[in-house]
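Novice: Kindly generate the corresponding structure for this input.
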Amino acid sequence: MIARFKDLCLDAADPLALAGFWGRVLDADVADAGDGDTRIDPRSARSAAESIWVNRVPEPRTGATRVHLDLRLADADPAALLAAGARSVREPDGDTDRRVLADPEGNQFCVLPASDGARPGPVGLVVAAVDPAAQATWWAGVLGGRVEHGSSNASVVGAAGFEWERWVFNAAPGPKAVKNRMHWDVEMVSPEPTALLDAGATLLREPITEAHWWVLADPEGNEFCAFSPRPTG
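Specialist: Have a look, this model is predicted:
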């Protein structure tokens, strides 16, 4: 393990409005950072790793959603999500009980029906991949955990800092073509990203001014931010 999962980030044209939607969906407090960014803190979160930063970006959303959350409903149907501003993209069919919805800026996410004894809210992070097994193996090497293989996907279970049930890499018909609208952050064990680069990550951007984080990409080009460890004591 050379890093741990830190949190999620979501690009937005209007961070405050989009954070307001996700705050209602996740029963979360919304904090305006005052610099164009907003943070969503679910009230039932087990750690800060369940927070989602919503960051203002100038470019509009393009391309398919390749990174999304799977949510378990608290109720029998998604009426509350639709009332909050979600849009229905696909209803359940004979092959799956999942619905696909989209948030007000068009980012798609999946919802699973409520289940007795199951905690509502996010249950997994899903990433499209050309080679799911290789992607899951690479991230398990970075964050720890074990890899479980499915017929068309591979999952990382038990990654350091990852609070949801599983991190799923689903088979996709083609490679990533545009910047992901959602990405994740990691906190490194070491103060520099040398180990990540040696493992096969690509450096996209050095730290700006006094910031102690780097923008990297994994072997299939998924952007992520790598932070130096927080000071202790």
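Novice: can we go C-alpha only for contacts and neighbour counts from here?
Specialist: Fine.
Novice: This structure: helices as residue ranges?
Specialist: 15-25, 79-84, 132-143, 194-199 (DSSP state H).
Novice: For those, give me TSV that also has mean pLDDT.
Specialist: Below are the helices of the chain laid out as TSV (pLDDT from 0 to 100):
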stretch	mean pLDDT
helix 15-25	96
helix 79-84	94
helix 132-143	98
helix 194-199	98
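Novice: how about those helices, which one is nearest Ala159?
Specialist: Among the helices of the chain, the nearest to Ala159 by C-alpha to C-alpha is helix 132-143 (5.2 Å).
Novice: how about that closest one as PDB, C-alpha atoms only?
Specialist: This file holds the C-alpha atoms of helix 132-143, laid out as PDB (Å, rounded to 0.1, in the frame of the first residue of the first chain):
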ATOM      1  CA  PRO A 132     -11.100  -4.200 -15.700                       C
ATOM      2  CA  ALA A 133      -8.900  -6.900 -14.200                       C
ATOM      3  CA  ALA A 134      -5.700  -4.900 -14.900                       C
ATOM      4  CA  GLN A 135      -7.300  -1.700 -13.500                       C
ATOM      5  CA  ALA A 136      -8.500  -3.300 -10.300                       C
ATOM      6  CA  THR A 137      -5.200  -5.100  -9.800                       C
ATOM      7  CA  TRP A 138      -3.300  -1.800 -10.200                       C
ATOM      8  CA  TRP A 139      -5.500   0.100  -7.700                       C
ATOM      9  CA  ALA A 140      -5.300  -2.800  -5.200                       C
ATOM     10  CA  GLY A 141      -1.500  -2.500  -5.500                       C
ATOM     11  CA  VAL A 142      -1.800   1.200  -4.700                       C
ATOM     12  CA  LEU A 143      -4.400   1.200  -2.000                       C
END
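Novice: what comes up buried for stretch 196-215?
Specialist: Within stretch 196-215, the residues that count as buried by 16 or more other C-alpha atoms under 10 Å are Leu196, Ala199, Ala201, Thr202, Trp213, Trp214, Val215.
Novice: Identify the farthest-apart pair in those.
Specialist: Spatially, the most separated pair among those is Ala199 and Trp213, at 17.6 Å (C-alpha to C-alpha).
Novice: For stretch 199-218, report the contacting residues that lie outside it.
Specialist: Pro193, Leu197, Pro219, Glu223, Phe224, Cys225, Ala226, Phe227, Ser228 (C-alpha atoms under 8 Å, 6 or more residues apart in numbering).
Novice: List the contacts of Gly63.
Specialist: Ala177, Val178.
Novice: for it, phi and psi?
Specialist: Gly63 adopts backbone torsions of phi 80, psi 180, taken as degrees, to the nearest 10.
Novice: Give the residue spans of this protein that score low on pLDDT.
Specialist: Across the chain, the ranges flagged by pLDDT under 70 are 233.
Novice: centroid residue for it?
Specialist: By C-alpha atoms, centre = their mean, the chain has its centre lying nearest to Leu8, at 4.8 Å.
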